[in-house]
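Colleague: have a look; sequence and predicted model below, questions after that.
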Amino acid sequence: GNIYAEVDLLKGLKYRIELSANTEFSENTEFAPKNRLNDDADLWLRNGDWYSTNIKNLLTYDFSFGQHRFTALVGQEALDSHWKSTNTDGHGFPSNDVFTMTMAETTNSQSYIGSQSLSSYFARLLYDFGGRYGLTASIRRDQSSKFDPVYEDGKNQIGYFPAVSVSWKVTKENFMQWIPENYFSNLKFRVGYGETGNQQIPNNLYSSLLSTYNIPLNLNNPNLTWETMKQTNIGVDVTLLKRLNISADWYNKESANFLFQLPLPDYLTGGLGQYGGINAPYSNIGSMQNRGIDISANYVLRNDNFEWSSNFVFSKYTNKLMDLINGMSDITKDVNLNGYQPMTATNTIIGQPIGMFYGLKANGLYRNEADLSNAFETFGGAPQLGDVRYVDVNGDGVIDLKDRTTIGNPHPDFTFGFTNSFRYKAFDLS
């Protein structure tokens, strides 16, 4: 739930406080009785709770003179979350009728507890001149518990994110007044630049965590800090016939110091956890770019009893990896086959789109003996009729992991959508 209070301190000066809190409790009991399919009666107990609190303090000042209007805001926000859980399982109960954990022959128990917090200070200024020119400028300071509070006096916890935008409503100018408003009622240009921070990674990665067997779970990285997304945007809004609204935007978005788990080889990490390996560290490993256009159009026709609304959206973008740290040239991502066997599924190379599909390139099937007579040795063996014929990419006369290459692009050429909504009196259809 949430509550707030607001008070006018002076003319145009307003103070507002907002308090919100959420909590959740969960309890789960699952019992599998002894029967023909289950040799031992088993019991699982899971208990957990979670709560978060948020507080905002906002001070707003509105003032104007002539055609100048200003709105200034300063604020503070604190978000705090806590959670804990206990999972216990017991096995070998003497009876299916009475089961408590103390009656189990063997028991196992695991528990975890965690928390995270985010503290922010921010300021924003809005300026408008006669409804024609607009300016918005803001700055925020965020401090996250996801990053090391001790290393270099905790400076990696803090990020500063400015933003500024300007707009010009051309149809408010005197030289545009000769055009009837019924035909051309709005033409507005917008230009903006802004930075936002990303800290969406698991907790405590700046330190080494221990498993229940007191062995390390991960390689730590105290240098972790904020990922910064820097975006430039140029846009235009047009309204025709008071019914057709069109917006078009060009944007260039760069993610600097983006957060990612380093793709370290198994000889450094020890492989999967069940083999005694530890997780590779997360790091700020490079930058990527998204550049594209967004276009939307909305047309509304209405009278007393009928309304028809049409919406069209179109989007096209290009994506590429700009650079990587420490001489890295690519990023691979593995998936597990059969639940445990890793296989590289994507490979991201500097200058190319993110997450390109990676593997052996297929060239049909072996359909007859003539095909097999010209077949390459494939992973140490001879292919059979019906097997996939792979391309010998490196030309060494054999098919193996060295022949893997880019085999697909996960990013669409473009996306679009078109929807219509109709309303007649109390009936509607989409």
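Modeller: Nice, thanks for sending it over. The shown structure was predicted, so the numbers you read here are calculated from the model rather than taken from an experiment.

Colleague: so which bits of the host helix or strand of residue 319 are buried?
Modeller: Using DSSP states H and E, residue 319 sits within strand 306-324. Within strand 306-324, the residues that count as buried by 16 or more other Cβ atoms under 10 Å are 309, 317, 319, 320, 321, 324. Every residue, glycine included, has its C-beta placed from N, CA and C.

Colleague: likewise for stretch 361-373?
Modeller: If you call a residue buried by 16+ other Cβ under 10 Å, then stretch 361-373 has these buried ones: residue 366.

Colleague: quick one: secondary structure of residue 154?
Modeller: Per DSSP: H, G, I helix; E, B strand; the rest coil, the local secondary structure of residue 154 is helix.

Colleague: determine the three-state secondary structure at the nearest residue to it once chain neighbours are set aside.
Modeller: Nearest-residue entry for residue 154: residue 148, 7.0 Å, with adjacent residues in sequence omitted and distances by Cβ to Cβ, 6 or more residues apart in numbering. Classification of residue 148 by three-state DSSP places it in coil.

Colleague: sorry, back to before: next structured bit after the strand holding residue 319?
Modeller: strand 330-337.

Colleague: pull the residues that contact that following strand.
Modeller: Residues outside strand 330-337 that contact it (Cβ atoms under 8 Å, 6 or more residues apart in numbering): 260, 263, 285, 321, 324, 342-350, 355, 358.

Colleague: please identify the buried residues of that strand?
Modeller: Judged by neighbour count (16+ other Cβ under 10 Å), strand 330-337 contains these buried residues: residue 331.

Colleague: who are the neighbours in contact with residue 325?
Modeller: The neighbourhood of residue 325, defined by Cβ under 8 Å, 6+ apart, consists of 283, 284, 285, 286.

Colleague: pretty sure the first one contacts residue 227?
Modeller: No - with contact defined as Cβ atoms under 8 Å, residue 283 does not count as touching residue 227 (10.7 Å).

Colleague: which residues are common contacts for the two?
Modeller: residue 259.

Colleague: so which elements touch whichever strand or helix holds residue 296?
Modeller: Under the criterion of DSSP H and E, residue 296 resides in strand 286-302. Using 3 or more Cβ pairs under 8 Å, 6 or more residues apart in numbering; DSSP states H and E, the elements in contact with strand 286-302 are strand 244-256, strand 306-324.

Colleague: ok, and what's touching it?
Modeller: Residues outside strand 286-302 that contact it (Cβ under 8 Å, 6+ apart) are 243-258, 260, 307-325, 328, 354.

Colleague: one step back: look up the pLDDT of the residue nearest to residue 154 for me, please.
Modeller: The model reports residue 148 with a pLDDT of 93.

Colleague: ramachandran coordinates for it?
Modeller: The phi/psi pair for residue 148 (degrees, to the nearest 10) reads phi -60, psi 120.

Colleague: show me the contacts for it.
Modeller: Counted by Cβ under 8 Å, 6+ apart, residue 148 has contacts 154, 156, 157, 206, 207, 222, 224.

Colleague: closest to residue 104 among the residues you listed?
Modeller: Closest approach between those and residue 104, by Cβ to Cβ: residue 207, at 34.8 Å.

Colleague: and what about the closest one, helix, strand or coil?
Modeller: Per three-state DSSP, residue 207 ends up coil.

Colleague: returning to that earlier point: out of the buried residues of strand 306-324, who's nearest residue 123?
Modeller: Closest to residue 123, out of all of the buried residues of strand 306-324 and judged by Cβ to Cβ, is residue 317, at 31.7 Å.

Colleague: find the nearest non-adjacent residue to that closest one, please.
Modeller: Among residues not flanking residue 317 along the chain, residue 292 sits closest, at 2.8 Å (Cβ to Cβ, 6+ apart).

Colleague: and that neighbour, how far from residue 320?
Modeller: Using Cβ to Cβ, to the nearest Å, one gets 12 Å for the distance from residue 292 to residue 320.

Colleague: quick check: the gap between the residue nearest to residue 154 and residue 16.
Modeller: In terms of Cβ to Cβ, residue 148 sits 34 Å off from residue 16.

Colleague: before we move on, what about residue 110?
Modeller: 44 Å.

Colleague: the more surrounded of those two?
Modeller: residue 16 (15 against 10; other Cβ atoms under 10 Å).

Colleague: hang on, the more buried one packs against residue 4?
Modeller: Yes - at 6.3 Å, residue 16 counts as touching residue 4 under the criterion of Cβ under 8 Å.

Colleague: contact partners for the closest residue to residue 220 other than its chain neighbours?
Modeller: Nearest residue to residue 220, sequence neighbours excluded (Cβ to Cβ, 6+ apart): residue 208, at 4.4 Å. Counting by Cβ under 8 Å, 6+ apart, residue 208 makes contact with 216, 217, 218, 219, 220.

Colleague: recalculate using a threshold of 7 Å.
Modeller: 216, 218, 220 (Cβ atoms under 7 Å, 6 or more residues apart in numbering).

Colleague: same thing with residue 411?
Modeller: Under the criterion of Cβ under 7 Å, 6+ apart, the neighbours of residue 411 are 319, 353.

Colleague: switch the cut-off to 10 Å
Modeller: Contact analysis of residue 411 by Cβ atoms under 10 Å, 6 or more residues apart in numbering lists 290, 317, 318, 319, 320, 353, 354, 355, 356.

Colleague: quick one: those as TSV, columns for distance to residue 80 and pLDDT too.
Modeller: Shown next, in TSV, are the contacts of residue 411 (distance: Cβ to Cβ, whole Å; pLDDT from 0 to 100):
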residue	distance to residue 80	pLDDT
290	32	95
317	36	96
318	40	94
319	35	93
320	38	93
353	39	93
354	33	91
355	35	90
356	40	92
